[in-house]
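Peer 1: Just a sequence and a predicted model for now, questions to come.
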Amino acid sequence: MLPDGPALPALDDLLRDAHVVALPLRNRFRGVEVREAFLVEGPNGWTEFSPFLEYGAAEASAWLAATIDFGWGPEPRPLRERVDVNATLPAVAAGHVPEILRRYPGCRTVKVKVAEPGQTLADDVARVAAARAFVGAEGRVRVDANMHWSVDETLAALRALAPSDLEYVEQPVATVPELAEVRRRIADEGLSTPVAADESVRKAADPLAVARAGAADLLVVKAQPLGGITPALGIVREAGLPVVVSSAIDTSVGLSMGAFLAASVPELPYACGLGTAAMLTSDVTTEPLLPSEGTVDVRRIDVDVDLLRRTAAPAERRAWWLDRVRACYEQLARSRAATGEP
Ligand SMILES: O=C(O)CCC(=O)c1ccccc1C(=O)O
Ligand SMILES: [Mg+2]
């Protein structure tokens with residue numbers, strides 16, 4: 001189900017002055033080496049559309065709803081001016097951990113990618129230990145397995161990672177029943193690691209099912225896949241669980257949407273995954289939303305025309321993105337027309 005939202009702007013308003021950029025990453029992340037994004041300026045300011053390339057129109061349409069919500073919808077009402085952020089550590093060798101974490105000045109929380117296909121639990125243990133050594137006993141270290149473990153593998157990993165004292169484990173397994181089982185087994189075995197749901201929120205037909213099933217201790221919420229700040233805030237309210245606001249390797253424009261969401265959530269007990277501008281080798285603004293003193297600003301982003309030109313995607317990629325916006329727009333228009341009917 002696609003979220004409701006403001007009346008759609010004309011398709012031409014989305015396409016006429018749009019930019020498509022291709023930003024190389026410093027380190028490969030979930031198989032991605034260059035991040036592409038579609039940027040457009042609405043009456044509220046610059047907004048972003050950047051679903052991953054493999055997503056079909058149905059899934060990507062929620063991301064377009066978010067693009068429109070941020071550019072054309074109700075202005076967010078932030079409760080804070082800065083948001084604490086975590087460092088995001090790709091599945092690199094342990095020896096590379098310090099050089100990556102140094103890009104996140106002041107961040108006391110690290111999210112470590114684990115369970116990367118082709119790697120071993122020993123690789124994860126070494127990487128997580130290096131992250132713990134970097135932040136010290138006062139810091140926080142969480143891991144994200146992106147659904148790659150079974151229930152048994154999760155428990156084995158949590159036992160092996162226990163010396164690093166995890167803040168939580170994010171989406172260790174794929175399904176809601178498995179998440180529930182992981183939580184039960186953690187309690188049965190006398191462990192205490194909280195379980196966070198990410199894919200079970202952002203890729204689910206019903207983002208609240210995991211909360212209703214009592215299958216997670218906290219939720220990871222992302223503005224773009226949930227259809228924007230307005231619907232995401234509704235999900236946070238109804239879930240009744242603590243949340244971490246995160247992002248999807250966005251440009252600073254997409255990160256600013258996440259920062260406004262994080263700033264609008266009533267309670268924000270965890271550092272948010274909004275520091276990832278540090279993963280990009282270039283950005284679309286001269287004032288990128290980079291972490292400083294462990295936080296990012298909550299502000300709109302002005303894009304820089306020179307940077308847009310320098311990071312512009314090749315013509316055939318631009319054409320692909322414009323087609324994708326058209327396809328998603330059609331879906332949104334159809335779904336909004338349907339909800340208007342009796
Ligand atoms: O939460 C963070 O630290 C950064 C964002 C992140 O990890 C991410 C980025 C792109 C795609 C998936 C994920 C994820 O949380 O699984
Ligand atoms: Mg995740």
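Peer 2: Here it is on my side, so go on. Ligands and ions are numbered 1, 2, ... in the order given.

Peer 1: Quick check: phi and psi on S256?
Peer 2: When read as degrees, to the nearest 10, the backbone of S256 gives phi -70, psi -30.

Peer 1: which residues does the residue lying closest to it once chain neighbours are set aside contact?
Peer 2: Residue nearest to S256 in three dimensions, not counting chain neighbours: I301, with 4.8 Å by C-beta to C-beta, 6 or more residues apart in numbering. No exception for glycine: its C-beta is placed from N, CA and C like everyone else's. With contacts defined as C-beta atoms under 8 Å, 6 or more residues apart in numbering, I301 is in contact with 45-46, 252-253, 255-256, 284-285, 287, 289.

Peer 1: Strands - which of those residues land there?
Peer 2: Mapping the contacts of I301 onto strands (DSSP state E) picks out 45-46.

Peer 1: Could you measure from the residue nearest to S256 over to S252?
Peer 2: As judged by C-beta to C-beta, to the nearest Å, I301 and S252 stand 5 Å apart.

Peer 1: Now the common contact residues for those two.
Peer 2: Here I301 and S252 have 284-285, 287, 289 as joint contacts, going by C-beta under 8 Å, 6+ apart.

Peer 1: Of these, which is the nearest to L307?
Peer 2: Using C-beta to C-beta, V284 comes nearest to L307 of the shared contacts of I301 and S252, at 5.3 Å.

Peer 1: Pretty sure S247 sits against L255.
Peer 2: Yes. Using C-beta atoms under 8 Å, S247 is in contact with L255, at 5.6 Å.

Peer 1: Settle it for me: which of these two has more neighbours?
Peer 2: L255 (30 against 27; other C-beta atoms under 10 Å).

Peer 1: Before we move on, what's the pLDDT of that one?
Peer 2: pLDDT recorded at L255 is 98.

Peer 1: Could you do P342 as well?
Peer 2: 41.

Peer 1: ok, now D4?
Peer 2: Looking at D4, its pLDDT is 72.

Peer 1: what's around the residue in the stretch 151-300 of the chain that ligand 1 sits nearest to, how many residues?
Peer 2: Of all residues in the stretch 151-300 of the chain, the one sitting closest to ligand 1 is G273 (2.2 Å; C-beta to the nearest ligand atom). Residues within reach of G273, counting by other C-beta under 10 Å, total 27.

Peer 1: Show me what the nearest residue to it once chain neighbours are set aside is bridged to.
Peer 2: Counting by C-beta to C-beta, 6+ apart, G273 lies nearest to S246, which is 3.2 Å off, once chain neighbours are set aside. Applying DSSP bridges to S246 gives these bridge partners: K222, G273.

Peer 1: Could you check how far S246 is from ligand 2?
Peer 2: Distance, S246 to ligand 2, by C-beta to the ion, to the nearest Å: 7 Å.

Peer 1: Mutual contacts of S247 and L255, please.
Peer 2: Listed contacts common to S247 and L255 are 274, 276; contacts here mean C-beta under 8 Å, 6+ apart.

Peer 1: looking at it, A248 is touching P225, isn't it?
Peer 2: Yes. Contact criterion C-beta under 8 Å: A248 and P225 qualify, at 7.3 Å.

Peer 1: And those two? Which one has more around it.
Peer 2: P225 (25 against 22).

Peer 1: Go ahead and confirm the more buried one touches L64.
Peer 2: No. In this structure, P225 is not within contact of L64 by C-beta under 8 Å, at 11.0 Å.

Peer 1: in the stretch 51-200 of the chain, which spans are helices?
Peer 2: For the stretch 51-200 of the chain, the helices defined by DSSP state H, counting those that start in this stretch occupy 57-72, 97-101, 121-135, 151-161, 176-188, 199-202.

Peer 1: so which of the ones you listed gets nearest ligand 2?
Peer 2: Nearest to ligand 2 among the helices of the stretch 51-200 of the chain is helix 199-202; the distance by C-beta to the ion comes to 6.8 Å.
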